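Chemist: Coordinates for the following, if possible.
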Amino acid sequence: MRIWYLVAVLGRLLIVALVVLFLVGLVSATWNLCDWPPPRLILKYGFPPTGGPTGRTMTIEGVEFAELKPGYFRMGSHFFCWKGDLLGRVCAVLHLPWGKQPTHYRDMCGCPPRWVEIESRFWIARTEVTNGQYERFATEHSRHEWTPAESHPVAPLSWDEARRYCEWLSGRRRLTVRLPNEAEWEYACRAGSTTAWCFGDDEAGISEYAWSGAALEEGAREVGTRRPNRWGLHDMYGNVWEWCEDTYRWDFEDAIVDAPLGRVIRGGSWYTSGTLGHSATRLGLRSGASACVGFRPAASGP
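Modeler: Numbers count the residues shown, from 1 in each chain. A predicted model of the protein is given here:
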């Protein structure tokens, strides 16, 4: 009798365990399907995603920086991807082959989106570096016909030249000035938004925030003359593309060792169509200079 009693108890415990596992799996699949933030990030930072300026600013050689808090955000976009049908999305989460599953074009928009944590405070320039600011470092710099004014963004400028300028700024203050990595750049560009667009749910706000889609002969414009984003940063989209620190990767995981396009640029330019006005839009470029590419520095330190 005791043996049968133990068997019955163990059977009930097994049923309870299976039910619990099923519920946990169902909750996990639903959580992933809805693309909600990881619980650890919600517990650490709250929900919706937080972050933003600390209120501290600094100026180095005419370049004004704003300090941003740690936080998290949804990096990447489905804009250039096929989401598939409901069955396909559910089966993709469960690693099953049925339904029309999502198709990811990993190159242009960092697909699929994922939640990324910014663990430390960092500084980022409020605008792109201008001719006037850069020429404090490189006095013999020759301005381009599309960016001729002192307050125009400096371009063309290679990745190496941008890095050398950052190193020069580092010598003017006890902190490390550098190019932003992709996550920092997109975090700053989104300014707390979880949508694909830099400026809201669609492209309606681009004309208020950015110079883009202009005729080729118009060139870049003075920095800081368009409306800033919610974190007080100007020209995060448009005017000139901006160099990032990162080596170009197709999917942020597998580096292409012999890739013909070596470094990441973000943000579009005055000659970029407004339909690419996404905080997730990314391209790769050889580290040489381009007339549509400038930069904004970031910094780590106290």
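Chemist: and the gap between the residue most central in space within the chain and Arg114?
Modeler: For the chain, the residue nearest the mean C-alpha position is Glu186 (2.1 Å; CA atoms, centre = their mean). Distance, Glu186 to Arg114, using CB to CB, to the nearest Å: 11 Å. C-beta: built from backbone N, CA, C; applies to glycine.
Chemist: what sits in contact with each of those two?
Modeler: Met75 (CB atoms under 8 Å, 6 or more residues apart in numbering).
Chemist: Can you pull the poorly scored residue ranges out of the stretch 101-250 of the chain?
Modeler: Residues of the stretch 101-250 of the chain that meet the criterion pLDDT under 70 lie in 103-111, 194-218, 249-250.
Chemist: returning to what we had before: contacts only, for the residue nearest to the centre of the chain.
Modeler: 73, 75, 110, 266, 279-280.
Chemist: Among the residues you listed, show me the least confident.
Modeler: In terms of pLDDT, Gly110 ranks lowest among the contacts of Glu186, with 64.
Chemist: tell me which element the nearest residue to Phe137 once chain neighbours are set aside falls in.
Modeler: Once flanking residues are discounted, Phe137 sits nearest to Trp168: 4.8 Å by CB to CB, 6 or more residues apart in numbering. If you go by DSSP states H and E, Trp168 is part of helix 159-170.
Chemist: For that helix, buried residues please.
Modeler: 159, 161-163, 165-166, 168-170 (16 or more other CB atoms under 10 Å).
Chemist: Repeat that for stretch 41-59.
Modeler: So for stretch 41-59, counting by 16+ other CB under 10 Å, buried means 41, 45, 49, 51-53.
Chemist: same deal with stretch 115-132?
Modeler: Quick answer for stretch 115-132 (16+ other CB under 10 Å): 115-118, 121-131.
Chemist: one step back: mind checking how far the helix holding Trp168 is from the chain centre?
Modeler: 21 Å (CA atoms, centre = their mean, to the nearest Å).
Chemist: Sheet partners, orientation included, of the helix or strand just after that helix?
Modeler: Going down the chain from helix 159-170, the next helix or strand is strand 176-178, by DSSP H and E. Under the criterion DSSP bridges, strand 176-178 sits next to strand 298-300 (antiparallel) in its sheet.
Chemist: rewinding a little: let's have the buried residues of helix 159-170 in JSON lines, adding distance to Val19.
Modeler: What follows is those, written out as JSON lines (distance: CB to CB, whole Å):
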{"residue": "Trp159", "distance to Val19": "56"}
{"residue": "Glu161", "distance to Val19": "62"}
{"residue": "Ala162", "distance to Val19": "57"}
{"residue": "Arg163", "distance to Val19": "57"}
{"residue": "Tyr165", "distance to Val19": "61"}
{"residue": "Cys166", "distance to Val19": "57"}
{"residue": "Trp168", "distance to Val19": "64"}
{"residue": "Leu169", "distance to Val19": "60"}
{"residue": "Ser170", "distance to Val19": "58"}
